[in-house]
Every structure is written in structure tokens, then in C-alpha cells.
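**Student:** Kindly return the folded structure for what I paste below:
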Amino acid sequence: KHAVDAKVPVVVFGDEESLRGFDRVAPDHETGAYALTQWLLSTGRKAPHLIAMSDQPPVWMQARRRGYEKAMREAGRDPFPSLLLPSLSSEETSEDKRLQIKTQIMAGALLHLNHDNIPVDALLATTDGDLPAIAAAVKLLGKTPNADIALVGYDDYWDQSPNRSDDNAPPLATINKNNLNIGRELIRLLLERRN
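**Tutor:** Presented below is the predicted three-dimensional model:
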């Protein structure tokens, strides 16, 4: 705000409400989730579930929800409620402990679906880094990741994600939101405003 008041150009990454007064660049999360959901449905999956990180999701998660719902409705299916896999602060616990906690939370969510006879044959992760916990939860329940339950990621960094191992199931698909070009566009926009 001080920079804007001083007539200094400001560009930001994201589309949160608080950023609406600034020049900004943001990925199209709605299209990304729509494409992943469409792809899962095209492979014969009938009951994909979207994983959310909060029951009061940020704008980008709401956009993913819209994309998921659109693809489900176009396929003649009712969207399922999002499954909650909350993020855990890195200050709270070690990486291994966070993996264990996330695995248990996800296993509980999946067990609940199974108990209530709600089908699930695919999971759309919030990010590739959550996939080790999701795959471990699927295994805890006696299912095979990417066979019984398809796993898709987001952000295209599976090969760099913490806790990734050969034992974990890699995502069958993921979305690269192209951060490199987003960064270039932020600089281009800033230089344009400066001029």
C-alpha cells in the first residue's frame, strides 16, 4: 500500500481478495482441476474426490473446486464433497511426523467413505507433495494406489517432493502451473508499468 501511495509499481502473484487492487498474475486453477477431473473420468474412474486443505479454502482452492464440479456435472455425475487433508506447519513437527499425521488423517477420511458406502476410485491431491501421505493412507486401507484408487497431483514437482520414494505411487497425472512463465510475466508487467 505504501508503494502504491508513493506511485511505485507493484505486481503480485495470486488472486486473493486482498490483492485485487494490484496488478497481478495468477494460474488458472479452475482449468487445471477441470482438466485433471476430465482425464480421470476419461480413464473410466467414476468417483473421483477432490482433496482440500481447509474447510474455508483460499481463492485458488475454490477455483479448483469449481473446475472439479464443472467436469463432474458435464459427465452427468454429482460432485462429491471435498476430503480434508489440512496443511501442517513445518515448525510444528518434523517431516516424518507430518507424513505420519497426514497419512492417518487421510486414512480416516477414506475409512469414513468406505464405512458409509461412498465410492472412491480416484483422488485429486492439493499438491504433489501430499501424494506420499495419500498413497500410504490408501495402502493402510488395503488398497493399491493407482490401481484401486487413482492418484493425481498438482504443481508438477513429484520428483522433488519430500518423502517421495520408490515405494510411493507417483501421480498418474499432474498439472504444471508454469511458475517460470508466471515469473516472467510478473517482470514483464512490472517493466511495462514502470515505463
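**Student:** all strands for the protein, in order.
**Tutor:** All strands of the chain, identified by DSSP state E, fall at 11-13, 23-25, 48-52, 83-84, 122-124, 150-152.
**Student:** Name the residues of the third one that are buried.
**Tutor:** Of the residues in strand 48-52, those with enough neighbours to count as buried (16 or more other CB atoms under 10 Å) are P48, H49, L50, I51, A52. C-beta coordinates here come from the backbone N, C-alpha and C atoms, glycine included.
**Student:** The second one: what's it in contact with?
**Tutor:** H49 makes contact with F80, S82, L83, L113, V120, A122, L123, L124, according to CB atoms under 8 Å, 6 or more residues apart in numbering.
**Student:** Quick check: the residue nearest to the first one when sequence neighbours are not counted vs R24, distance?
**Tutor:** With sequence-adjacent residues excluded and distances taken as CB to CB, 6 or more residues apart in numbering, F80 is closest to H49, at 4.9 Å. For H49, the distance to R24 (CB to CB, to the nearest Å) stands at 30 Å.
**Student:** G129 too?
**Tutor:** Taken as CB to CB, the spacing of G129 relative to R24 amounts to 24 Å.
**Student:** Comparing those two, which shows the higher neighbour count?
**Tutor:** Neighbours were tallied for G129 and for R24 using other CB atoms under 10 Å; the higher tally belongs to G129 (20 against 16).
**Student:** low pLDDT regions in this structure?
**Tutor:** Counting by pLDDT under 70, the chain has low-confidence residues at 89-93, 165-167.
**Student:** Now do the residue nearest to the spatial centre of it against D159, distance only.
**Tutor:** Among the residues of the chain, T126 comes closest to the average C-alpha position under CA atoms, centre = their mean, at 2.0 Å. Applying CB to CB, one obtains 18 Å for the distance of T126 from D159.
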